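Colleague: Need coordinates for the following:
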Amino acid sequence: MIEFKDFRTLLVHIYSFNYKKAAKDLGVSVTTIYRWYDNNRAPTHVVKYLMVVARGYLPDREPYIRWYIDGDYINTPYGRFLAAEIEFLNHYKWSARRYADIAKNRRERIPDIENRLQSIAEEVSGMLSLIKSNKVG
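Modeller: Purely as a prediction, here's the structure:
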């Protein structure tokens, strides 16, 4: 990954020496871009903006320091992923939590269900005994 230590690196990384496009995007004259490039200094807000763009709109703090976007891919210390894969990560995590809760609730309800089934079985047994003793039918 590119280390963004100075304005020149940022400018070249984003605009590839297209000073006119840089001037238009940043709302300044081409002369100003040349001056910033020659001095390797620009206003702080411009540098921060360029850092955000260069990093692919990811935060410049942990754990995202080594993450960057390259086209449709997000490069992380853990591998390279399509942006679409990351987009649905929250959905997958939500689904996993939801189904884990459902499974947990079912496990907790098993004793209650077993007790209810046992009482129904006892009632049925009692009814069958009653039917046999009265010889209904």
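Colleague: Please determine how far the spatially closest residue to K20 that is not a sequence neighbour is located from Y15.
Modeller: Leaving aside its sequence neighbours, K20 sits nearest to V30 (CB to CB, 6 or more residues apart in numbering; 5.9 Å). Using the backbone N, CA and C atoms, a C-beta is placed for each residue, glycine as well. Counting by CB to CB, to the nearest Å, the gap from V30 to Y15 is 12 Å.
Colleague: neighbour count winner among these two?
Modeller: Counted by other CB atoms under 10 Å, V30 and Y15 do not tie: Y15 has more neighbours, with 18 against 13.
Colleague: longest single helix anywhere in this structure?
Modeller: Ordering each helix of the chain by length in residues (DSSP state H) puts helix 89-134 first.
Colleague: who does that one touch, helix- and strand-wise?
Modeller: Helices and strands in packing contact with helix 89-134 are not found; criterion 3 or more CB pairs under 8 Å, 6 or more residues apart in numbering; DSSP states H and E.
Colleague: joint contacts of V30 and Y15?
Modeller: Common contacts of V30 and Y15 (CB atoms under 8 Å, 6 or more residues apart in numbering): none found.
Colleague: Just name the shakiest helix or strand of the protein by mean pLDDT.
Modeller: None of the helices or strands of the chain scores lower by mean pLDDT, DSSP states H and E than helix 83-87, at a mean of 71.
Colleague: give the contact list for the closest residue to R8 other than its chain neighbours.
Modeller: Excluding its sequence neighbours, the residue lying closest to R8 (CB to CB, 6+ apart) is N40, at 5.3 Å. Counting by CB under 8 Å, 6+ apart, N40 touches D6, F7, R8.
Colleague: Identify the residue spatially nearest to the first one, adjacent ones excluded.
Modeller: The shortest distance from D6 to any non-neighbouring residue, by CB to CB, 6+ apart, is to N40 (5.3 Å).
Colleague: So the one you found versus V46, what's the distance?
Modeller: N40 is 13 Å from V46, by CB to CB.
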